[in-house]
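**Q** Structure, please.
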Amino acid sequence: MGLIWRTSAPGILQATAPRALAVHYDRRIGRIVIHLNSGSDVAFSPRDAQGLENARAYELEEIEISPSGLGIHFPKLDVDIYVPALLEGFLGSRKWIAARLGAAGGKSRSAAKRMASKRNGKLGGRPRKALAKV
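**A** Okay, the predicted model is just below:
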């Protein structure tokens, strides 16, 4: 996913970062639940994570934990999630997150957007596509 957890010395991450002890997909609530060595549980919706957004429930049932506990892997989808990045709120690469935010912004309806559309309409609107010559 391109996310890196930086530390000042090797081994610091392993000693200080919360690690996954157990993980499962809870069909009832539609969330992936990670049990951490800190005693906390973290749950997130698969549709909010890169590579899992279109996954079916049966594809989420098998989840593996890396030996270090810093990653979880979905074998049926070949998707990896880095636990420290997840805890910081990163559920995908910057490009993927930017695309999701852009799509959400494009669907928004605001007074400013309506006014811009009106102004564009007075200028003739969106140019027509040229017909392909055969």
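**Q** which SS class is Gln50?
**A** Under the three-state scheme (DSSP: H, G, I helix; E, B strand; the rest coil), the conformation of Gln50 reads as coil.
**Q** Just give the number of residues close to it.
**A** Residues within reach of Gln50, counting by other CB atoms under 10 Å, total 18. For the C-beta atoms, the positions are set from N, CA and C on the backbone; glycine is no exception.
**Q** Over to Val42?
**A** Applying other CB under 10 Å, we find 17 other residues in the vicinity of Val42.
**Q** With Phe74 instead?
**A** Applying other CB under 10 Å, we find 23 other residues in the vicinity of Phe74.
**Q** What's the separation between the spatially closest residue to it that is not a sequence neighbour and Leu36?
**A** Excluding its sequence neighbours, the residue lying closest to Phe74 (CB to CB, 6 or more residues apart in numbering) is Ile63, at 5.8 Å. For Ile63, the distance to Leu36 under the criterion CB to CB, to the nearest Å works out to 14 Å.
**Q** which residues touch the nearest residue to Arg19 once chain neighbours are set aside?
**A** Ranked by CB to CB, 6+ apart and with sequence neighbours excluded, the top spatial neighbour of Arg19 is Gly69, at 2.9 Å. Counting by CB atoms under 8 Å, 6 or more residues apart in numbering, Gly69 makes contact with Arg19, Ala20, Leu21, Asn37, Val83.
**Q** one more time with 10 Å, if that's ok
**A** Under the criterion of CB atoms under 10 Å, 6 or more residues apart in numbering, the neighbours of Gly69 are Gln14, Ala17, Pro18, Arg19, Ala20, Leu21, Ala22, Val23, Ile34, Leu36, Asn37, Val83.
**Q** buried subset of those residues?
**A** Neighbour-count burial (16 or more other CB atoms under 10 Å) is assigned, among the contacts of Gly69, to Ala17, Pro18, Arg19, Ala20, Val23, Ile34, Leu36, Val83.
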